[in-house]
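**Student:** pasted the sequence and its predicted model underneath.
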Amino acid sequence: MNICLLETFYTGSHKAWAEGIKEHLQANVHILNLSGKYWKWRMHGGAVSLAKKFNALDQEFDLILATDMIDLNIFLAQTRQKTHDIPVALYFHENQLSYPWSASDPDTQNGRNLHYGFINYSSALSADHIFFNSKYHRSSFLSEVDRFLHLYPDERNLDDLALLHEKSEVLQLGVNLQALDEFKAIKSSGPVQVLWNHRWEYDKNPKEFFDCLAQLKDEGLDFQLAVVGERFTQEPKEFRAAKKHFSNEIVHWGYVESAAEYAKILWASDVLPVSSIQDFFGQSIVEAAFCEVTPLLPRRLTYPELFSEDFLYDDLTLSLRKLLQSNTFKSARSEVSKYDWSKMSAVYLKRFENVVDGFR
């Protein structure tokens, strides 16, 4: 099978997923991508740039696999002479209808944020098949589409909801977990190492995370802190304040370019308190859990779908306090090992073959 994978935001988990497909699937995968920055502009103009790249290719494809950061309608319009007889699958890493926009975002303040959700909605309509990375993601998107369409006065086309239901399914993320074992190490018997390994962005709710740690520090509980994860041009103000407040606890601060160094930090950590207000899968959590870092997860979003009751909390500060006091940690490695590409590659290939067969 020959697959053309379109990714306008080629960084972080999006990049890792695309490279995983290329490396692990028994298929020929050609990746067309743009750098992972200026995400709003990528959703508007990225399709034009990738269409030009696609039209310049002298290659035939059995499947086009696009992700949610592209305006699929523009791409297909610009490439219709070459793509009219190729099935198109759309993979949602996230979507802008369910995503909790920050009140400080100028697009929210000026009512422009709805357009990004419309790009996701109209792209889903144009795709032959849709994949979501979790059950929670699929259900929340379809619910938000219904709410979104009811914002408008007429011609809502509500019957399209049934179509989106019918042609969508869950295909959870494949992750290169086995590569992390190369750097496996025995955890230190020193102070508990608390980990943050998510993007430094609003939806990961750094305020609750650092407020929790500040309270436990004031109570006299001892811990170390490793803060990694991808950083962007703008980042929540909480990080600057936390770097100063936890100067005595910090053992690492900042994004890690080296995969080896990142893995070593995961293996050295003990607990991953998660405070996110949005997460459609949680690759960084899966990676940490595979390295036997105990995840503490809110009883919401996709987490009850991916992890057992042992790792869910109702009160973050209470749960983390108990762990720090008991110094007893549970491993969730067995719950996330199934997402390694060694197990997921065959699943992906079969799903893609089904899309192609259904198009004929």
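**Tutor:** Sure, I can see it. Numbering: from 1, shown residues only.
**Student:** low-scoring stretches of the stretch 251-360 of the chain, by residue?
**Tutor:** Along the stretch 251-360 of the chain, the model assigns pLDDT under 70 to no residue.
**Student:** try the stretch 1-150 of the chain
**Tutor:** 100-105, 107-112.
**Student:** which parts of it are helices?
**Tutor:** All helices of the stretch 1-150 of the chain, identified by DSSP state H, counting those that start in this stretch, fall at 12-24, 39-55, 72-78, 80-83, 106-109, 114-126, 135-149.
**Student:** and these as JSON lines, adding distance to K264 and mean neighbour count?
**Tutor:** Where C-beta positions appear, they are placed from N, C-alpha and C, glycine not excepted. Below are the helices of the stretch 1-150 of the chain laid out as JSON lines (distance: least, CB to CB, whole Å; neighbours: other CB atoms under 10 Å):
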{"stretch": "helix 12-24", "distance to K264": "18", "mean neighbour count": "18"}
{"stretch": "helix 39-55", "distance to K264": "30", "mean neighbour count": "18"}
{"stretch": "helix 72-78", "distance to K264": "39", "mean neighbour count": "19"}
{"stretch": "helix 80-83", "distance to K264": "44", "mean neighbour count": "13"}
{"stretch": "helix 106-109", "distance to K264": "39", "mean neighbour count": "12"}
{"stretch": "helix 114-126", "distance to K264": "37", "mean neighbour count": "19"}
{"stretch": "helix 135-149", "distance to K264": "31", "mean neighbour count": "18"}
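**Student:** of all the ones you listed, which one is nearest Q224?
**Tutor:** Checking those against Q224 by CB to CB gives helix 12-24 as the closest, at 25.1 Å.
**Student:** thinking again about what came up before, can I get the helices of the stretch 1-150 of the chain in a markdown table including distance to N327?
**Tutor:** Listed next are the helices of the stretch 1-150 of the chain as a markdown table, based on distance: least, CB to CB, whole Å:
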| stretch | distance to N327 |
| --- | --- |
| helix 12-24 | 31 |
| helix 39-55 | 41 |
| helix 72-78 | 50 |
| helix 80-83 | 57 |
| helix 106-109 | 43 |
| helix 114-126 | 44 |
| helix 135-149 | 32 |
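**Student:** and of these, who's closest to R321?
**Tutor:** Closest to R321 of these is helix 135-149 (CB to CB; 27.7 Å).
**Student:** tell me how the chain divides into domains.
**Tutor:** As given by automatic domain parsing, the domain ranges for the chain are 2-174+340-359, 178-338.
**Student:** distance from the chain centre to the longest one, please.
**Tutor:** This points to domain 2-174+340-359. 13 Å (CA atoms, centre = their mean, to the nearest Å).
**Student:** equivalent analysis for the last one, please.
**Tutor:** Here the centre of domain 178-338 is set off from its chain's centre by 16 Å, with CA atoms, centre = their mean.
**Student:** so what would you say the end-to-end distance of it is?
**Tutor:** Domain 178-338 has an end-to-end distance of 11 Å (CA to CA, to the nearest Å).
**Student:** mind listing the strands for the protein?
**Tutor:** Using DSSP state E, the strands of the chain run over 2-10, 28-35, 63-67, 88-92, 129-132, 168-170, 192-196, 223-227, 250-253, 271-273, 294-298, 312-313.
**Student:** give the buried residues for the second one.
**Tutor:** By neighbour count, and taking 16 or more other CB atoms under 10 Å as the criterion, the buried residues in strand 28-35 are V29, I31, L32, N33, L34.
**Student:** who touches the nearest residue to the second one once chain neighbours are set aside in this structure?
**Tutor:** If I follow you right, that is I31. Among residues not flanking I31 along the chain, L5 sits closest, at 4.8 Å (CB to CB, 6 or more residues apart in numbering). In this structure, L5 makes contact with A18, I21, K22, V29, H30, I31, L32, L65, A66, judged by CB atoms under 8 Å, 6 or more residues apart in numbering.
**Student:** at 10 Å instead, please
**Tutor:** Contacts for L5 were tallied using CB atoms under 10 Å, 6 or more residues apart in numbering; they are 17-19, 21-22, 29-33, 61, 63-67, 89, 91.
**Student:** neighbours of F132, how many?
**Tutor:** F132 has 26 neighbours, counted by other CB atoms under 10 Å.
**Student:** same deal with A179?
**Tutor:** Around A179 there are 14 other residues, counting by other CB under 10 Å.
**Student:** can you get me a residue count around the closest residue in space to Q26 that isn't next to it in sequence?
**Tutor:** Distance criterion CB to CB, 6+ apart; nearest residue to Q26, sequence neighbours excluded, is L349 at 6.0 Å. A count of nearby residues for L349, using other CB under 10 Å, gives 17.
**Student:** next: the one 5 residues further on.
**Tutor:** By the other CB under 10 Å criterion, the neighbourhood of N354 contains 13 residues.
**Student:** what's the closest non-adjacent residue to H44?
**Tutor:** Closest residue in space to H44, ignoring its immediate chain neighbours: D71 at 6.9 Å, by CB to CB, 6+ apart.
**Student:** need the contact list for that neighbour.
**Tutor:** Per CB under 10 Å, 6+ apart, neighbours of D71: 8, 42-48, 77, 116, 118-120, 122-123, 126.
**Student:** how far away is it from P106?
**Tutor:** The gap separating D71 from P106 is 21 Å, by CB to CB, to the nearest Å.
**Student:** again with H24
**Tutor:** H24 is 40 Å from P106, by CB to CB.
**Student:** what do you get for Q224?
**Tutor:** Distance from Q224 to P106, by CB to CB: 38 Å.
**Student:** ditto for D159
**Tutor:** Distance of D159 to P106, given as CB to CB: 35 Å.
**Student:** many thanks, have a good one.
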